[in-house]
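**Q** Can you look at this prediction? I've put the sequence above it.
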There are 2 protein chains.
Amino acid sequence: MQFFAVVFLSLSLAVNVGTQKPHPCRSPPLLDGSLSVTPLTGEYFAFTKYTYDALGQRLRFREFGYQHNQSFHMDILMLFRQGKLYNISYHDQTCEKRALNASFHPMEVPRGAKFQNQLILGSSSGPGQGLLVNTWTGEVPEVQGKYYATFTEFGCLPVSNFYYSERTGWVIVSFFNNVLGIENPEDFFPPPFCDTEEKETEDVVTDFFFFL
Amino acid sequence: MQFFAVVFLSLSLAVNVGTQKPHPCRSPPLLDGSLSVTPLTGEYFAFTKYTYDALGQRLRFREFGYQHNQSFHMDILMLFRQGKLYNISYHDQTCEKRALNASFHPMEVPRGAKFQNQLILGSSSGPGQGLLVNTWTGEVPEVQGKYYATFTEFGCLPVSNFYYSERTGWVIVSFFNNVLGIENPEDFFPPPFCDTEEKETEDVVTDFFFFL
């Protein structure tokens, strides 16, 4: 009798789990991590270390990559509340400031995204062998674009984002080595040589699209 | 004093872990799972359920995909020891038999592969939020090819394989929903209508390259 009760309970649980579709989620507000950007056209590749503060609406990217077989390096600090973008070069001790007139996009399943599928990377057969992830899809009519964004089920951490627009073609953004919290809070301070150099370029950055 | 001992031990462990490069590994011999195949040319997409038996050198693929906007379906059984390949259609109740004159390739880090990097998909900050994976790279001089193969650190399960050859261009194979063991051992039996139909085509399959 007890055996049947257990079987019935297991089956009920299985059915419940089967009908529980994941809900859209937002990533933790403080994150350090890395990401790579690979457009399928193959014209460039970029590897980025990022520091993300959704509470203070601040981002720091340190990017290294290749474009047309030439390497490049970028160090960008974005303070959305202050409306400032800093393009920093420690090598040249230069700091290009720009007005940043864009909204901060928190890392999250975009509004209106449709649940696509849930799957396990690796395996659920043993501990530490698998990762349960959800993929969401949606369209970006402004740029005739679409995306497939994958987040972990537990923790809502970004895993990958396949993004398409007419201008860019398909671009794969892969996230990894994410850590909850900010390792160095000074990542969001412009370096000292940003204060001394007063020039601010006229360009206004308006179309920043962090995660979609 | 005890505090310093703990700190020292933690630091020693961290250094040890830092210098321990992963070793090449072989996947478990019995696996069920899914994989997708996406060539970057975009000319086709395939989704496959596989059953893998490295002990008996047997493989079953049930594949669904699109090529040039046309959907296709394939159901292939490969018995390497017997040297037989079956191309099965339940819909048409047909079974095309071919001689299979290829070696079985177990799922493993290929010989001669170089360790590329280790990273965490998701995050190691919380349980169930991350997956530790290793990427290996190598060349396939016969086809002027190269690959980046990623396996889980724990369990040596395949995660992805970026493969390039002159003929195919870049192809991404992504593995997911792997389960240790074989769910249905009859996956490796040809269906009954394979026995009745006697014709065996002349073609010999020799260049089967399962995992590289």
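**A** Ah, there it is. Note that the structure is predicted; figures quoted are calculated from it, not measured. Numbering: from 1, shown residues only, chains lettered A, B, ... in the order given.
**Q** Quick check: nearest residue in space to A:Phe176, chain neighbours excluded?
**A** B:Leu119 (4.4 Å; CB to CB, 6 or more residues apart in numbering or on different chains). For the C-beta atoms, the positions are set from N, CA and C on the backbone; glycine is no exception.
**Q** what helices or strands is the helix or strand containing the one you found leaning on?
**A** Of the helices and strands defined by DSSP states H and E, B:Leu119 is found in strand B:114-122. The contact analysis (3 or more CB pairs under 8 Å, 6 or more residues apart in numbering or on different chains; DSSP states H and E) places strand B:114-122 against strand A:130-140, strand A:169-180, strand B:130-140.
**Q** Serialize those to a markdown table and add fields for mean neighbour count.
**A** Below are the helices and strands packed on strand B:114-122 laid out as a markdown table (neighbours: other CB atoms under 10 Å in any protein chain shown):
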| stretch | mean neighbour count |
| --- | --- |
| strand A:130-140 | 21 |
| strand A:169-180 | 20 |
| strand B:130-140 | 20 |
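**Q** With distance to A:Asn69 and mean pLDDT as added columns, please give these in CSV.
**A** Compiled in CSV, those are given as follows (distance: least, CB to CB, whole Å; pLDDT from 0 to 100):
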stretch, distance to A:Asn69, mean pLDDT
strand A:130-140, 31, 96
strand A:169-180, 19, 94
strand B:130-140, 19, 96
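**Q** of those, which approaches A:Leu157 most closely?
**A** With CB to CB, the closest approach to A:Leu157 among the helices and strands packed on strand B:114-122 belongs to strand A:169-180: 5.1 Å.
**Q** mind checking how far that closest one is from the chain centre?
**A** 6 Å (CA atoms, centre = their mean, to the nearest Å).
**Q** next helix or strand past it?
**A** helix A:193-196.
**Q** Give me the mean pLDDT for stretch A:104-112.
**A** Mean pLDDT, stretch A:104-112: 93.
**Q** just the CA coordinates of it, formatted as CSV?
**A** Coordinates of each C-alpha in stretch A:104-112 appear next as CSV, following Å, rounded to 0.1, in the frame of the first residue of the first chain:
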residue,chain,number,x,y,z
PHE,A,104,19.9,51.2,-18.1
HIS,A,105,18.8,47.7,-19.1
PRO,A,106,18.9,45.2,-16.2
MET,A,107,20.0,41.7,-17.1
GLU,A,108,16.7,39.9,-17.2
VAL,A,109,14.3,37.9,-19.4
PRO,A,110,13.1,40.7,-21.7
ARG,A,111,9.4,41.7,-21.3
GLY,A,112,7.2,40.0,-23.8
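**Q** Please, where are all the helices along chain A?
**A** A:2-19, A:193-196 (DSSP state H).
**Q** Would you single out the least confident of those helices?
**A** When the helices of chain A are ranked by mean pLDDT, helix A:2-19 comes last with a mean of 47.
**Q** follow-up on the earlier one: would you convert the helices and strands packed on strand B:114-122 into TSV that also reports distance to A:Phe72?
**A** Shown next, in TSV, are those (distance: least, CB to CB, whole Å):
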stretch	distance to A:Phe72
strand A:130-140	26
strand A:169-180	17
strand B:130-140	23
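**Q** A:Arg26: which of these is closest?
**A** A:Arg26 lies closest to strand A:130-140 among the helices and strands packed on strand B:114-122, at 12.4 Å (CB to CB).
**Q** Please state the offset of the closest one from the chain centre?
**A** Taking CA atoms, centre = their mean, one finds the center of strand A:130-140 at 13 Å from the center of the full chain.
**Q** can that strand be found next to chain B?
**A** Yes: counting by CB under 8 Å from any CB of the partner chain, contacts between strand A:130-140 and chain B involve A:130-133.
**Q** quick revisit: to B:Phe64, which of the helices and strands packed on strand B:114-122 lies closest?
**A** Using CB to CB, the nearest of the helices and strands packed on strand B:114-122 to B:Phe64 is strand A:130-140, at 17.7 Å.
**Q** Give the other helices and strands that that closest one contacts.
**A** Using 3+ CB pairs under 8 Å, 6+ apart: strand A:130-140 touches strand A:114-122, strand A:145-152, strand A:158-165, strand B:114-122, strand B:130-140.
**Q** Run me through the strand neighbours of the longest one, direction for each.
**A** Spelled out, that is strand B:130-140. Using DSSP bridges, the strands paired with strand B:130-140 are strand B:114-122 (antiparallel), strand B:145-152 (antiparallel).
**Q** gap between the first one and the chain center?
**A** So that's strand B:114-122. 17 Å.
**Q** Tell me what angle it forms with strand B:158-165.
**A** Taking axes from the mean of the first three to the mean of the last three CA atoms, to 10 degrees, one finds strand B:114-122 and strand B:158-165 inclined to each other by 130 degrees.
**Q** Then the last one?
**A** In this structure, strand B:145-152 runs at an angle of 180 degrees to strand B:158-165, with the same axes, to 10 degrees as the basis.
**Q** residues from chain A in reach of chain B?
**A** Counting by CB under 8 Å from any CB, the residues of chain A near chain B are A:33-34, A:40, A:42, A:119-133, A:152-155, A:157, A:159, A:170, A:175-181.
**Q** got any ranges where chain A has weak pLDDT?
**A** Along chain A, the model assigns pLDDT under 70 to residues A:1-19, A:196-212.
**Q** show me what contacts A:Glu139?
**A** Shown in contact with A:Glu139 (CB atoms under 8 Å, 6 or more residues apart in numbering or on different chains): A:145-146.
**Q** Against B:Thr135, how distant is the residue nearest to A:Phe176?
**A** 8 Å (CB to CB, to the nearest Å).
**Q** Go ahead and confirm A:Asn117 touches A:Trp136.
**A** No: contact criterion CB atoms under 8 Å: A:Asn117 and A:Trp136 do not qualify, at 9.4 Å.
**Q** Quick check: chain neighbours aside, which residue is closest to A:Ala46?
**A** A:Gly65 (3.3 Å).
**Q** Same question for A:Gly126.
**A** With CB to CB, 6+ apart, the residue lying closest to A:Gly126 is B:Gly155, at 5.4 Å.
**Q** got it, and A:Thr38?
**A** Sequence neighbours aside, A:Ile172 is the residue nearest to A:Thr38 in space, at 4.6 Å (criterion: CB to CB, 6+ apart).
**Q** Verify the contact between the one you found and A:Thr41 for me.
**A** No: judged on CB under 8 Å, A:Ile172 makes no contact with A:Thr41 at a distance of 11.3 Å.
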